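Visitor: From the sequence below, what's the structure:
(2 chains)
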Amino acid sequence: MAGQFKSVFDVIGPVMIGPSSSHTAGAARIGKVVRNIFGEQPDSVDIWLYESFAKTYRGHGTDIALVGGILGMEPDDERLADSLRLAYDKGIEIAFVPKKEKAEHPNQVTMILKKGQRTMSVTGISIGGGNIQISELDGFKMHLNMGTPTFVVVHTDKPGVIANTTRLFQEQEVNIGTMTVTRVSKGETAIMIIEVDDKNSEFIVQKLEQVPFVDSVSFFN
Amino acid sequence: MFQTIEELLKLAKEYGSISEAMIQTEMAASGDDRETILEKMRRNKAVMFQSIEQGVAGVTSVTGLTGGDATRLNTYLDTHEFLSGHHILKAVRNAVAVNEVNAKMGLICANPTAGSAGVAAGVLSAATEQLNLTEEQQLNFLFTAGAFGLIIANTASISGAAGGCQAEIGSASAMASAALVEAAGGTPEQSAEAIAITLKNMMGLICDPVAGLVEVPCVKRNALGASQAYISADMALAGIKSVIPADEVVVAMGRVGKQMPTIFKETAEGGLAMTPTAQKITQDIYGNKE
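Guide: Below you'll find the model as predicted:
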């Protein structure tokens, strides 16, 4: 557990719509990060809820917060309460599935997003006080900690994409701390998770999007 | 970054106070300048005070289970010879106000969580009036509360689902008591004693929300968490020391949280959530039982 909370504002904050920092604010943040990684509005989202999330999601507004996040809302967005209706109006199909299985963390959710032929599954956990982590992406274990500047690059698995990406970081003199590359299978969708030292590196997003075979780029700080 | 209360006390010696140690640590970790950090905290404080005002004026939750108690306390304060102290009761009223606003899905500032957001905010607003705290002192209160909160979050837990209510109201009350000690002119060591005294009494408190809602018993636990922060602060200022050092108390609280059965960790499967009345409320709200 040591060192997960890094800023005084992880503890005093966030400013948010009630009633629960882990089940409402954290859920909205997970939804928004998942949407950013997916990169576009999905046709449908299946939401698998585990343990405390599964048992208390209605009372805590976890459902509306996750969907609000998927619609791009922040935890302090007054429209959160209306998110289910807004999603319906936009034609997004949402299904909530409370699961009986134990999970690695008591506040865990897996979201399966679909758009046409494209599918992505992401697992997020809410660790308290509105702070979250992404623990799995398309079946790959990962640790995306909010608070560490991180790029998530979704791309097609082709030779040279990784080299072109890292060269860009070199040119911009941004140091890469850790880098994880995963893929579903040869030649299909692959994902790079790149943690960097400089939190002011958002400007690279636009340049990364120009790299051939890169589908979407998200930056989290 | 400091990981233990002992390390924090060393830093406080270097910088003159716990709040200053927290501000300096935040500047180093975030790369933001002092004014940016103070401004962020000012915004959080403004939301806390707004939610108090809103709650005292009177709110009702979506379910109708909670609301109106802050108004009741306000009237009582004005019209009755109350038993406990004036400011302690104001802290209680304000803590209730914040959590009533939280329960109606209003705007609040988590502190350290939403379910426990009333405790430190309630104590801060009452102490501001009682001790004529300047704006700077009010912000310092929150930085000191945050410094201890960070240690508790990293060593034990601030999540009801992971550690029970002791991790939420317990942590909030401990943070508020330590910050109140500093605001009243106590030493960093006395703040640490207040943390230990408060957490020891909160140890083992379960999270058993009726119908899974952050309402019953959360609103009243915020009230009593705020009152305890006042008492612990007074005890520490009187020179009372905890036999078990604060760092060890925090570790013990974390261990109790891990050992606590899941039914007592925000699953609405134990404690008050399983009483006949709670079951009936659940039925009334959701219709068919889950």
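
Visitor: Is any residue of the strand ranked longest in chain A near chain B?
Guide: When chain A is scanned for its longest strand (criterion: DSSP state E), the result is strand A:118-128. Yes - using Cβ under 8 Å from any Cβ of the partner chain, strand A:118-128 reaches chain B at A:Ser126, A:Ile127, A:Gly128. The way it works is simple: take the backbone N, C-alpha and C, and place the C-beta from them, glycine included.

Visitor: Could I get the full set of helices for chain A?
Guide: A:8-11, A:26-38, A:51-60, A:62-70, A:83-89, A:161-171, A:204-209 (DSSP state H).

Visitor: Now distance to chain B too, for these, in JSON lines please.
Guide: Putting the helices of chain A into JSON lines (distance: least, Cβ to the nearest Cβ, whole Å) gives the following:
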{"stretch": "helix A:8-11", "distance to chain B": "4"}
{"stretch": "helix A:26-38", "distance to chain B": "9"}
{"stretch": "helix A:51-60", "distance to chain B": "3"}
{"stretch": "helix A:62-70", "distance to chain B": "9"}
{"stretch": "helix A:83-89", "distance to chain B": "12"}
{"stretch": "helix A:161-171", "distance to chain B": "19"}
{"stretch": "helix A:204-209", "distance to chain B": "17"}
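
Visitor: Compare those and give me the one nearest B:Leu272.
Guide: Closest of the helices of chain A to B:Leu272 is helix A:51-60, at 13.7 Å (criterion: Cβ to Cβ).

Visitor: that older thread, tell me the buried residues in the longest strand of chain A?
Guide: A:Thr119, A:Met120, A:Ser121, A:Val122, A:Thr123, A:Gly124, A:Ile125, A:Ser126, A:Ile127, A:Gly128 (16 or more other Cβ atoms under 10 Å in any protein chain shown).

Visitor: Looking at those residues, which has the smallest pLDDT value?
Guide: Looking at these by pLDDT, the weakest one is A:Gly128, with 86.

Visitor: Isn't it up against A:His23?
Guide: No - applying Cβ atoms under 8 Å, one finds A:Gly128 not in contact with A:His23, separated by 10.5 Å.

Visitor: Pull up the overlap in contacts between the two.
Guide: By Cβ atoms under 8 Å, 6 or more residues apart in numbering or on different chains, A:Gly128 and A:His23 have these common neighbours: B:Ala161.

Visitor: Could I get the full set of strands for chain B?
Guide: Using DSSP E, strands in chain B cover B:107-109.

Visitor: coming back round to it: which one of the buried residues of strand A:118-128 is nearest chain B?
Guide: Closest to chain B out of those is A:Gly128 (3.1 Å), distances taken as Cβ to the nearest Cβ.

Visitor: what pairs with the closest one across the strands?
Guide: Counting by DSSP bridges, A:Gly128 is bridged to A:Asn131.

Visitor: among the helices of chain A, which gets the worst mean confidence?
Guide: Least confident of the helices of chain A, judged by mean pLDDT, is helix A:51-60 with a mean of 89.

Visitor: Low-confidence stretches in chain B?
Guide: Along chain B, segments meeting pLDDT under 70 span B:288-290.

Visitor: which one's the longest helix in it?
Guide: Longest helix of chain B, by residue count under DSSP H: helix B:34-57.

Visitor: Output that helix as PDB - backbone C-alpha positions only.
Guide: Output in PDB follows, covering the C-alpha atoms of helix B:34-57 (Å, rounded to 0.1, in the frame of the first residue of the first chain):
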ATOM      1  CA  ARG B  34       3.300  28.100  -3.200                       C
ATOM      2  CA  GLU B  35       0.500  30.400  -4.400                       C
ATOM      3  CA  THR B  36      -0.900  27.700  -6.700                       C
ATOM      4  CA  ILE B  37      -1.100  25.300  -3.900                       C
ATOM      5  CA  LEU B  38      -2.600  27.800  -1.400                       C
ATOM      6  CA  GLU B  39      -5.200  28.800  -4.100                       C
ATOM      7  CA  LYS B  40      -6.200  25.100  -4.600                       C
ATOM      8  CA  MET B  41      -6.700  24.800  -0.800                       C
ATOM      9  CA  ARG B  42      -8.700  28.100  -0.700                       C
ATOM     10  CA  ARG B  43     -11.100  26.600  -3.300                       C
ATOM     11  CA  ASN B  44     -11.500  23.400  -1.300                       C
ATOM     12  CA  LYS B  45     -12.200  25.400   1.900                       C
ATOM     13  CA  ALA B  46     -14.700  27.600   0.100                       C
ATOM     14  CA  VAL B  47     -16.700  24.500  -1.000                       C
ATOM     15  CA  MET B  48     -16.500  23.200   2.600                       C
ATOM     16  CA  PHE B  49     -18.000  26.400   4.000                       C
ATOM     17  CA  GLN B  50     -20.600  26.600   1.300                       C
ATOM     18  CA  SER B  51     -21.800  23.100   2.100                       C
ATOM     19  CA  ILE B  52     -22.100  24.000   5.800                       C
ATOM     20  CA  GLU B  53     -24.200  27.000   5.000                       C
ATOM     21  CA  GLN B  54     -26.400  25.000   2.600                       C
ATOM     22  CA  GLY B  55     -26.900  22.200   5.200                       C
ATOM     23  CA  VAL B  56     -27.700  24.500   8.100                       C
ATOM     24  CA  ALA B  57     -30.300  26.200   5.900                       C
END
